[in-house]
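Novice: Predicted model and sequence follow; I will ask about them next.
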Amino acid sequence: DTGVSQNPRHKITKRGQNVTFRCDPISEHNRLYWYRQTLGQGPEFLTYFQNEAQLEKSRLLSDRFSAERPKGSFSTLEIQRTEQGDSAMYLCASSYGDLEGDTQYFGPGTRLTVL
Amino acid sequence: AQSVTQLGSHVSVSEGALVLLRCNYSSSVPPYLFWYVQYPNQGLQLLLKYTSAATLVKGINGFEAEFKKSETSFHLTKPSAHMSDAAEYFCAVSSSGGSYIPTFGRGTSLIVHP
């Protein structure tokens, strides 16, 4: 069990640029979640996948945000035309088994800074 | 709908003292409740979770939490604080009312003085 990994760990970009983050879940986990965490706040849910199906995406912050999990393994989160307000920590988590009360395992996050 | 309120953005204790971190939840259906810990530059790690099996839940690192339905609370305690307990602690709730997607509180920063 190597844990959930996220790359890059840090990303600095200029306003208006596109960025893409990658998450590799624990290998046998079928669910994968994306969260945003801003300073002084808890994680805020964005979207999640069960295998390759994106089951909830209504809470993505705007249409500039999109996520994929094409083969049910790793996932990418893309932010287009970044804004300074997008600066935050982006967390990925994975889980398996019953959705009800499941335990999520978090990666270390990708810290995005938009200049 | 579900929500979590963590009272106190910062809690300061002396090493060896009791740790008490407060969490109150709101849920119209039976909830699942979680406490996570986040160390600097690391992801969240599960300390413990309540799944209705027992109201007193024991977790890792000597932490425990008690589910009190009448008070809608799930406070986290540890009898004796260690310097290594200094971290950010998050309470979270999930339920069928929220499609089992957890809602997190704003977090409480635990400061441990020598």
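Specialist: That came through fine.
Novice: Spatially nearest residue to the residue positioned nearest the centre of chain A, not counting backbone neighbours?
Specialist: Nearest to the mean C-alpha position of chain A, by CA atoms, centre = their mean, lies A:W34 at 3.1 Å. Spatially, and ignoring its direct neighbours in sequence, A:W34 is nearest to A:L46 (4.4 Å; CB to CB, 6 or more residues apart in numbering or on different chains). Just so you know, the C-beta spots here come from the backbone N, C-alpha and C atoms, and that holds for glycine as well.
Novice: So which bits of the one helix or strand in chain A whose mean pLDDT sits lowest are buried?
Specialist: Using mean pLDDT, DSSP states H and E, strand A:53-56 stands out as the lowest-scoring helix or strand of chain A, at a mean of 89. By 16 or more other CB atoms under 10 Å in any protein chain shown, the buried positions in strand A:53-56 come out as A:Q54.
Novice: sorry, back to before: the residue nearest to the centre of chain A and A:P70: what is the separation?
Specialist: Counting by CB to CB, to the nearest Å, the gap from A:W34 to A:P70 is 15 Å.
Novice: circling back to that earlier point, give me the element the residue nearest to A:W34 is part of.
Specialist: Element membership of A:L46 [criterion: DSSP states H and E] is strand A:44-50.
Novice: Check B:S12 too.
Specialist: Going by DSSP H and E, B:S12 is part of strand B:10-14.
Novice: Paired strands for that strand, with orientation please.
Specialist: strand B:108-113 (parallel) (DSSP bridges).
Novice: pLDDT on the partner strand, on average?
Specialist: Mean pLDDT, strand B:108-113: 97.
Novice: Can you get me a residue count around the residue nearest to A:W34?
Specialist: 20 (other CB atoms under 10 Å in any protein chain shown).
Novice: contacting residues for B:L47?
Specialist: B:35-37, B:59-61, B:63, B:76, B:89 (CB atoms under 8 Å, 6 or more residues apart in numbering or on different chains).
Novice: how about the strands in chain A?
Specialist: A:5-7, A:10-13, A:19-24, A:31-37, A:44-50, A:53-56, A:65-68, A:75-79, A:88-95, A:105-106, A:110-114 (DSSP state E).
Novice: What helices and strands are in contact with the longest one?
Specialist: Helices and strands touching strand A:88-95, by 3 or more CB pairs under 8 Å, 6 or more residues apart in numbering or on different chains; DSSP states H and E, are strand A:5-7, strand A:19-24, strand A:31-37, strand A:75-79, strand A:105-106, strand A:110-114.
Novice: what helices or strands is the fourth one leaning on?
Specialist: Which is strand A:75-79. Counting by 3+ CB pairs under 8 Å, 6+ apart, strand A:75-79 packs on strand A:19-24, strand A:31-37, strand A:65-68, strand A:88-95.
Novice: For the strand holding A:L46, which outside residues touch it?
Specialist: A:30-38, A:54-57, A:59-61, A:65, A:67, A:69, A:72, A:75, A:77, A:99, B:101-104.
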